[in-house]
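Colleague: Kindly return the folded structure for what I paste below:
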Amino acid sequence: MSRGKIFRYSIFGVVVLAFVLLIILVTRKKPVAEKPDTIPAVVIEKPQRGKLVEAVTISGYVEANAMIPVVPFVSGTIIDYPARAGDFVEKDTLLAKIDDAPFKQQMLQAQAAYFATQSTFERIEKLYKAGSTTQQNYDSAKAQADASKAQYDLAKLQMDYTEVRAPVDGTILIADQAVGGIGNQSQPVAVLADLSNQVVRLKVPEKYFDLFTLERESLAVTVTRPAEKNMYEDAVTTATIENIAPYVSPQSKNFVVVCQLDEPGDRFRPGMYVKVQVAYKTYENVPLISLKAQKMDGSFYIYDENTETVKFVEQSDFPVDDKNFIVPEEYSNSYIVMDGQNFIFDGQKVRIFEEALKEAKSQARTGAEE
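Modeller: Now for the predicted structure:
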């Protein structure tokens, strides 16, 4: 091969090699640095020391410890009805008046019969003492006088029953009769209750039976009536366990606990819905964090400021109430992940949400200026 050809081939090879190198340089991907926005952002917070109360919360309804239906002992037309629902009445206060005209006639008839038989008995008694009549006549006259007196007493009692009066002091809960209606024993003219003596009957699950029976003296009961939001504060009072049923219902697997309200005041009434908290253990001055820090399985993450990573803390029997749980003392000064914990894993690097938000806003302003 001639020298010229070799030279030309060499030039061609150099050109091809240069072209290939150029393509490689142009198409080669530059190493991509990890973008900040691929690092998950989390919200963190430190525990605060406070008090936590472990308790069982059960819903129920307020009841009057004794509700007394007041029924008339005689039937008749109601001619006066001063009873009004909501009124407090003292014992012997008139609640309803039944027309006494028929009973007055019966009383007058019984009275006349009694006076006649009594007069006859007194005459025969004098004869009997004088020996002028027999024992049989005396006994017969006495029996007739006693029977007529009993009828007369019954007639007077029925007259008294036409005035239906309160048997005890109390508040009228129901008063749904009216003048002109018929009063009888099948329908009360009023229902009374002592509102200073109100209770809540709780249906407690069987699993708490030992707690209530064995720890009864140490249990603290609080009754809360939720109020309308933005209108009034919740009505709260303490209560005393009055009775614990000694058996568990085989159908519902519940047992009944009766709690008496200590100071019901004016904001608790029979029929109202309440939540009853039965506290059985109190922790003082412990590190607390909101329940929202926990994952579904009860575990949580702590944040390491030095490495900017998170550490997984396994679920344990952390004491809880309805808002917080107790953080182990070893993490009392650590930051705990409050939001974003469901999208991270143990040892992962994370960003703080506030810092990530500032960075995003800064990038948005830079982009707008360009």
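Colleague: Which of the three states applies to Gln118?
Modeller: Here Gln118 is recorded as helix under DSSP: H, G, I helix; E, B strand; the rest coil.
Colleague: Sticking with the nearest residue to it once chain neighbours are set aside, tell me its helix or strand.
Modeller: What sits nearest to Gln118 in space, not counting adjacent residues and going by C-beta to C-beta, 6 or more residues apart in numbering, is Ala145, at 5.0 Å. Yep, even glycine has a C-beta here, placed from its N, CA and C like the rest. Taking DSSP states H and E as the criterion, Ala145 maps to helix 135-161.
Colleague: for that helix, which positions count as buried?
Modeller: Residues of helix 135-161 classed as buried by neighbour count (16 or more other C-beta atoms under 10 Å): Tyr138, Ala141, Lys142, Gln144, Ala145, Ser148, Lys149, Gln151, Tyr152, Ala155, Gln158, Tyr161.
Colleague: Which neighbours in the sheet does whatever helix or strand Ile172 lives in have, and how are they oriented?
Modeller: Take DSSP H and E as the rule and Ile172 turns out to sit in strand 170-174. Applying DSSP bridges to the sheet, strand 170-174 is found paired with strand 88-89 (antiparallel), strand 190-193 (antiparallel).
Colleague: export those strands to a markdown table and tack on distance to Arg216?
Modeller: What follows is the strands paired with strand 170-174, written out as a markdown table (distance: least, C-beta to C-beta, whole Å):
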| stretch | distance to Arg216 |
| --- | --- |
| strand 88-89 | 34 |
| strand 190-193 | 27 |
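Colleague: Pick the most buried one from the ones you listed.
Modeller: strand 190-193 (a mean of 24; mean count of other C-beta atoms under 10 Å).
Colleague: roughly how far is that strand from the heart of the chain?
Modeller: Strand 190-193 sits 25 Å away from the centroid of its parent chain (C-alpha atoms, centre = their mean, to the nearest Å).
Colleague: Strand 170-174 and the helix or strand encompassing Gly60, what's the angle between them?
Modeller: In the assignment (DSSP H and E), Gly60 maps to strand 48-64. Per axes from the mean of the first three to the mean of the last three C-alpha atoms, to 10 degrees, the angle that strand 48-64 makes with strand 170-174 is 80 degrees.
Colleague: Give me the sheet partners of whatever helix or strand comes next after strand 48-64 and which way each runs.
Modeller: Of the helices and strands lying after strand 48-64 in sequence (DSSP H and E), the nearest is strand 67-70. According to DSSP bridges, strand 67-70 has the following sheet partners: strand 190-193 (antiparallel).
Colleague: CA atoms of the helix or strand that comes right after the partner strand as PDB?
Modeller: Remark: after strand 190-193, the chain's next helix or strand is strand 198-205, criterion DSSP H and E. Extracted in PDB, the C-alpha atoms of strand 198-205 (Å, rounded to 0.1, in the frame of the first residue of the first chain):
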ATOM      1  CA  GLN A 198     -80.000  12.000  89.900                       C
ATOM      2  CA  VAL A 199     -78.100   9.000  88.700                       C
ATOM      3  CA  VAL A 200     -76.500   7.600  85.600                       C
ATOM      4  CA  ARG A 201     -76.900   3.900  84.900                       C
ATOM      5  CA  LEU A 202     -73.900   2.700  83.000                       C
ATOM      6  CA  LYS A 203     -73.700  -0.500  80.900                       C
ATOM      7  CA  VAL A 204     -70.100  -1.400  81.400                       C
ATOM      8  CA  PRO A 205     -68.300  -4.100  79.200                       C
END
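Colleague: so what strands line up beside strand 198-205?
Modeller: strand 48-64 (antiparallel), strand 254-261 (antiparallel).
Colleague: buried sites along the first one?
Modeller: It refers to strand 48-64. Leu52, Val53, Ala55, Val56, Ile58, Gly60, Val62, Glu63, Ala64.
Colleague: Okay, and the beta partners of the residue lying closest to the last one once chain neighbours are set aside?
Modeller: Spelled out, that is Ala64. Of all residues not flanking Ala64 in the chain, Ala193 sits nearest, at 3.5 Å (C-beta to C-beta, 6+ apart). Here Ala193 sits in beta bridges with Met67, Thr171, going by DSSP bridges.
Colleague: my guess is Ala193 contacts Val70, does it?
Modeller: No. Using C-beta atoms under 8 Å as the test, Ala193 is too far from Val70 to be in contact (11.2 Å).
Colleague: Next up, the contacts around Val313.
Modeller: Counting by C-beta atoms under 8 Å, 6 or more residues apart in numbering, Val313 makes contact with Ser299, Phe300, Tyr301, Ile302, Pro328, Tyr331.
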